[in-house]
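>>> Kindly return the folded structure for what I paste below:
(chains A and B)
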Amino acid sequence: MADNLPSEFDVVVIGTGLPESIIAAACSRSGQRVLHVDSRSYYGGNWASFSFSGLLSWLKEHQENSDIVNECPPWQEKILENEEAIALSRKDKTIQHVEVFCYASQDLHEDVEEAGALQKNHASVTSANSTEAADSACLPTEDQSLSTASCEIPTEQTPSSDPESALEVNDFEATGEKENHCDKTCVPSTSEKETSENVPMAENTAEQPKKNRITYSQIIKEGRRFNIDLVSKLLYSRGLLIDLLIKSNVSRYAEFKNITRILAFREGRVEQVPCSRADVFNSKQLTMVEKRMLMKFLTFCMEYEEHPDEYKAYEEITFYEYLKTQKLTPNLQYFVLHSIAMTSETASSTIDGLRATKNFLHCLGRYGNTPFLFPLYGQGELPQCFCRMCAVFGGIYCLRHLVQCLVVDKESGKCKAIIDQFGQRIISKHFLVEDSYFSENTCSHVQYRQISRAVLITDKSVLKTDSDQQISILTVPAEEPGAFAVRVIELCSSTMTCMKGTYLVHLTCTSSKTAREDLEPVVQKLFTPYTEKEIENEEVEKPRLLWALYFNMRDSSDVSRNSYNDLPSNVYVCSGPDCALGNDNAVKQAEALFQQICPNEDFCPPPPNPEDIILDGDSLQPEASESSAIPEANSETLRESANLRNPEEPSE
Amino acid sequence: MHGRLKVKTSEEQEEAKRLEREQKLKLYQSATQTVFQKRQAGELDESVLELTSQILGANPDFATLWNCRREVLQRLEVQKSPEELATLVKAELGFLESCLRVNPKSYGTWHHRCWLLGRLPEPNWARELELCARFLEVDERNFHCWDYRRFVAAQAAVPPAEELAFTDSLITRNFSNYSSWHYRSCLLPQLHPQPDSGPQGRLPEDVLLKELELVQNAFFTDPNDQSAWFYHRWLLGRADPQDALRCLHVSRDEACLTVSFSRPLLVGSRTETLLLMVDESPLAVAWRTPDGRNRPSHVWLCDLPATSLNDQLPQHTFRVIWTAGDAQKECVLLKGRQEGWCRDSATDEQLFRCELSVEKSTVLQSELESCKELQELEPENKWCLLTIILLMRALDPLQYEKETLQYFQTLKAVDPMRAAYLDDLRSKFLLENSVLKMEYAEVRVLHLGHKVLQANDNTIESLDGVTNLPRLQELFLCNNRLQQPAVLQPLASCPRLVLLNLQGNPLCQAVGISEHLAELLPSVRSSLT
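The predicted structure is shown next:
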């Protein structure tokens, strides 16, 4: 096993989160030999997305707080006299306060298993090899097999191939087909499944077809249709990540959908925020004069820098106060402040607010009527796309691969190697380590912030419209001073992140208390817990909660490198996800670190035209085949999804 | 370095590209040549289809080749069996679609598709509508595609309501879309036809108000978008003015009856008939225009027989009935008088207000209020200012005169590029206002019975239109800007003109002017100094 890995690299990257993956891709693209490892069994670290059962296993791991017990050969004896070691952490401490609530009825079938039906259906699509692997990966016993897997990796599996992800590919495609099929026959996929397997249940649903309630067992069974993000982010249409995806051509590995609407929560009601020209024109809630006021103000914001005289006098006050001085009704002030600038009454100065508004508007209209894109199958696709690019250019991947320590040369003070779980010493020039891999010794002086997260599965949208396939972002302002606004992102099933008939809702805010304490008030405002009792005559306005998860995630962004104890100069720290909506922080970080590793090199330049590549029997071919180990992100069956490309460039 | 890709240098790439281009050009030219040779030789067979498709596939704007294809297809139509023809047509439709993808705005391609669909025994219009929808999805302002869509919708007899809903959906996406607004203007009258007798083109008030709201949404959202303003003006000004007989004049001297109409018409044509009743009994007369050419004209006259003008009765009544226009007018010639007339007062709504002719002035009033509201927010928006001026004009030119002039001033300042146009418009309005004022004061300036026309001090440069005035005897044109004697040519057609005063015009300085005038207007005694 250990013999399989080369013993020398240029760059070793530990952790497969977004910044690490971008750097790995950039280095590999520049011709560096890259080893990219992750101790987890999945890509993305805290940037990952999980199927429902995958998420349950992840939860179990964090709730039980179980140490990953590894019987690794001791590394201490491998350290030479002129060397020191920096031990890395074996346990992920970034997730806290995990709380799970299930509201959907759990009756009947305790023993339902996820994807049983799916697997039968699609055995033909899945290659024999990965079906086997899949069985172990997606049965409820997964957590067991995972914890053992890390020390007993079956010998026929190379560390660089990831059976679970490989299965995911097939399954995604199969899911797509399935969905299309359901569209045609107009049979809700859920009841279809019921009929085939659970006869009593099927009769039940047949009796009351009007309330096609989703049960917990259905969620479990359709669990593969979920892709639940640990971090909830969107891509600004003109953000750094989109630019990078286009520039590097990594965009071809992913597909995106435009967020369809921006919502606001005001006076207990959810309403749509008109922000594009078409929205304003079509809005029924704005008066004619308000339309003009809003358009006029937004037009000004687009080029506010050219009219300093218009805002100079207000530079000292907050954006909120500034908006009051403008010709805007309170209605419009609220929309601009919370939903367009996405700030709060106290947080932003006039200039910050204008800048945020401009950025929002600047992104508008590039790919649609809102400034945001969401990657199909979840945010977790993005790190994998960059990993794929890294692999295409020769990077080597090992999941479930623990790095025990960094080896530092006493004399030079530089890190020279790692020692992995098998005791193998791997030499390298540069070492990138994601924050969560450092031990407490290294991080004892680091002050971390926390992110409060909630993930909900609901039965309908917070704002119903003709189409049930809306992707919405809603900002709920903080009620009390000192608290933070809560960002709500509601995903529909066509984003391939949840089963048909449900919505996946992500809530995010900077923590002031535990996630549940921070977010539950907002959840209660927007949703109502699912109850068995039918309120017959009353039209239930709010969507029902079927399932809810709260957790806190460590926010290691904005931590100065100096806060870590005794890091050699060639060890670079990547942060975990930050709380912001966009991904700019990850890209900035990746580019800055890349420039340190490869000064004067272009950052992820476009790959050359295949026709222009000169193949001279170099080792290119076998290395390129590594790409098969990286999950394929796109599914050809989806026609509506946005193909990411620069719309300014003619497409045909 | 390890793993680094080796890539062709830019010179190598350049060279490869150059060779490729050269190759392409050769192929293109030789194919074109072959096609022309075959066409000349009359070899219009499937090989021509194949060759032209290669060229058109790359460059769909080669109109001659489309003609070639049509010739081939026409020939094959007679030679082939229906089954073979169906395959051919299917291939042609597919080919056209691929050409449209190369250039969605190719005149030749769209035209060819029209032509082809028009010849098919059973064209699949639903598919064509789908095609239009797809191309408009990509570019909602592709007017080639809009044209084609209108063609398809007409051929397939798509209900106007469906097409209207289609324009709705595209306007919702982007309202800066002339084609879409225009299509609405065609569809709405079809959807809401008026009873035959009434003036055509008016919309029912509820429909009109809904459209006005839609278009207001557009210009409040973006007041600089012209398409919405133009549609707005269409909505308000789209009704034809009521047909009317403006004036009736009878002259005993000349035994002549003159009628003037609200619009030019061709009396004697199939639809336009005039009925003349003299003392309540019909009289058959021959109508003619003043210039005798009997082309559509505002003015028509007829000679009257002596019996209708005799001086024995206390009076004669003349009534002209315009059947198509649903209008009539009557005038009386009293005993002992030489002439009689009846005419509308110039204060009548129709005189100068045909620009915006919506049925209800309440609609105009509320539009004016909306525009003024917008103008407060956008004081420098030229479209808004102009619309206000036009609305005020349509509502009450005299009451709003002062305000209108102020708006003109603002408008000229914000839109200096159109200053001359605005000056023209302003002067036209001022002129009309003066006429109106005189009308109110009962000072008749436009007196058809007069034999003298005073037009001094008017900066007149041309006399176009001053033709065939049968009674004009004296014309005063002092202190104008007539440059050359030739500009007086139109006056030669006024049979009774005897006196012409040209003092203070530049042409008075011309050499030999008197001789020139004597030759041009022999019967006229002109005064030059």
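>>> Which residue would be the closest one in chain A to chain B?
A:G31 (3.6 Å; CB to the nearest CB). Bear in mind the C-beta positions are built from the backbone N, C-alpha and C, glycine included.
>>> count of neighbours near that residue?
Using other CB atoms under 10 Å in any protein chain shown, A:G31 has 17 other residues around it.
>>> and it, that one's in a strand?
No - with DSSP: H, G, I helix; E, B strand; the rest coil as the criterion, A:G31 is assigned coil and is not in a strand.
>>> Give me the phi and psi angles of it.
phi 90, psi 10 (degrees, to the nearest 10).
>>> Please determine how far it is located from A:A24.
According to CB to CB, to the nearest Å, A:G31 and A:A24 sit 13 Å apart.
>>> for A:R453, same thing?
Going from A:R453 to A:A24 by CB to CB gives 26 Å.
>>> Have a look at these two and say which one is more surrounded.
A:A24 (32 against 27).
>>> Regarding that one, what is its secondary structure?
Per three-state DSSP, A:A24 ends up helix.
>>> Okay, buried residues for the host helix or strand of B:E376 please.
Using DSSP states H and E, B:E376 sits within helix B:361-377. Judged by neighbour count using 16 or more other CB atoms under 10 Å in any protein chain shown, the buried positions of helix B:361-377 are B:V363, B:L364, B:E367, B:L368, B:S370, B:C371, B:E373, B:L374, B:Q375, B:L377.
>>> Skip ahead from it and say which helix or strand is next.
Sequence order places helix B:382-395 as the next helix or strand after helix B:361-377, per DSSP H and E.
>>> Summarise which helices and strands that following helix is packed against.
helix B:226-237, helix B:361-377, helix B:401-414 (3 or more CB pairs under 8 Å, 6 or more residues apart in numbering or on different chains; DSSP states H and E).
>>> Among these, which comes closest to A:M389?
helix B:226-237 (44.9 Å; CB to CB).
>>> Strand partners (parallel or antiparallel) of the following helix or strand past the closest one?
Note on helix B:226-237: by DSSP H and E, the next helix or strand toward the C-terminus is strand B:245-251. Next to strand B:245-251 in the sheet, as set by DSSP bridges, lie strand B:256-265 (antiparallel), strand B:339-343 (antiparallel).
>>> Just the C-alpha atoms of the shortest one, please, in CSV.
Provided in CSV are the C-alpha atoms of strand B:339-343 (Å, rounded to 0.1, in the frame of the first residue of the first chain):
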residue,chain,number,x,y,z
GLU,B,339,-72.7,83.2,-52.1
GLY,B,340,-73.5,81.2,-49.1
TRP,B,341,-71.4,78.9,-46.8
CYS,B,342,-71.4,76.8,-43.8
ARG,B,343,-68.3,75.8,-42.0
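>>> So for that strand, mean pLDDT?
The pLDDT scores in strand B:339-343 average 81.
>>> Looks like B:F408 contacts B:D424 (just checking).
No - using CB atoms under 8 Å, B:F408 is not in contact with B:D424, being 11.1 Å away.
>>> Between these two, which has more neighbouring residues?
Comparing B:F408 with B:D424 by other CB under 10 Å, the one with more neighbours is B:F408, at 19 against 11.
>>> Now name the helix or strand holding the nearest residue to that one once chain neighbours are set aside.
Spatial nearest neighbour of B:F408, chain neighbours left out: B:R426 (4.9 Å); criterion: CB to CB, 6 or more residues apart in numbering or on different chains. Per DSSP H and E, B:R426 falls inside helix B:419-440.
>>> okay, the angle between that helix and helix B:401-414?
Counting by axes from the mean of the first three to the mean of the last three CA atoms, to 10 degrees, helix B:419-440 points 170 degrees away from the direction of helix B:401-414.
>>> in the stretch 1-150 of chain B, which ranges drop under the pLDDT threshold?
Scanning the stretch 1-150 of chain B with the threshold set as pLDDT under 70 gives B:1-6.
>>> Apply 90 and report the result again.
For the stretch 1-150 of chain B, residues meeting the criterion pLDDT under 90 lie at B:1-17, B:42-47, B:58, B:77-86, B:118-122, B:137-138, B:140-141.
>>> which residue ranges form the helices in it?
Applying DSSP state H, counting those that start in this stretch to the stretch 1-150 of chain B gives helices spanning B:10-40, B:46-58, B:63-79, B:82-102, B:107-119, B:125-138, B:143-155.
>>> my read: A:Q333 touches A:Y322, true?
No - if you go by CB under 8 Å, A:Q333 and A:Y322 don't touch, sitting 9.7 Å apart.
>>> Show me which of these two is the more surrounded one.
A:Y322 (22 against 17).
>>> Now the more buried one: which helix or strand?
helix A:319-325.
>>> So which elements touch that helix?
helix A:330-334, helix A:350-363.
>>> Can you tell me which of these is packed in deepest?
Among the helices and strands packed on helix A:319-325, ranked by average contacts under mean count of other CB atoms under 10 Å in any protein chain shown, first place goes to helix A:350-363 (a mean of 20).
>>> That helix vs chain B: in contact?
No - Helix A:350-363 lies out of reach of chain B by CB under 8 Å from any CB of the partner chain, never closer than 14.3 Å.
>>> Residues contacting that helix, please?
A:236-239, A:275, A:298, A:301-302, A:304, A:311, A:314-315, A:317-323, A:336-337, A:340-343, A:348, A:371-372 (CB atoms under 8 Å, 6 or more residues apart in numbering or on different chains).
>>> what do you get for stretch B:256-273?
Residues external to stretch B:256-273 that are found in contact with it (CB under 8 Å, 6+ apart): B:241-251, B:274, B:276, B:285, B:287, B:294-304, B:318, B:320, B:322-325, B:329, B:343, B:350, B:448, B:470.
>>> What I need now is the helices of the stretch 1-150 of chain B written out in JSON lines, including mean neighbour count and distance to chain A for each item.
As requested, the helices of the stretch 1-150 of chain B are exported to JSON lines (neighbours: other CB atoms under 10 Å in any protein chain shown; distance: least, CB to the nearest CB, whole Å):
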{"stretch": "helix B:10-40", "mean neighbour count": "12", "distance to chain A": "6"}
{"stretch": "helix B:46-58", "mean neighbour count": "17", "distance to chain A": "13"}
{"stretch": "helix B:63-79", "mean neighbour count": "16", "distance to chain A": "21"}
{"stretch": "helix B:82-102", "mean neighbour count": "15", "distance to chain A": "6"}
{"stretch": "helix B:107-119", "mean neighbour count": "18", "distance to chain A": "14"}
{"stretch": "helix B:125-138", "mean neighbour count": "16", "distance to chain A": "9"}
{"stretch": "helix B:143-155", "mean neighbour count": "19", "distance to chain A": "15"}
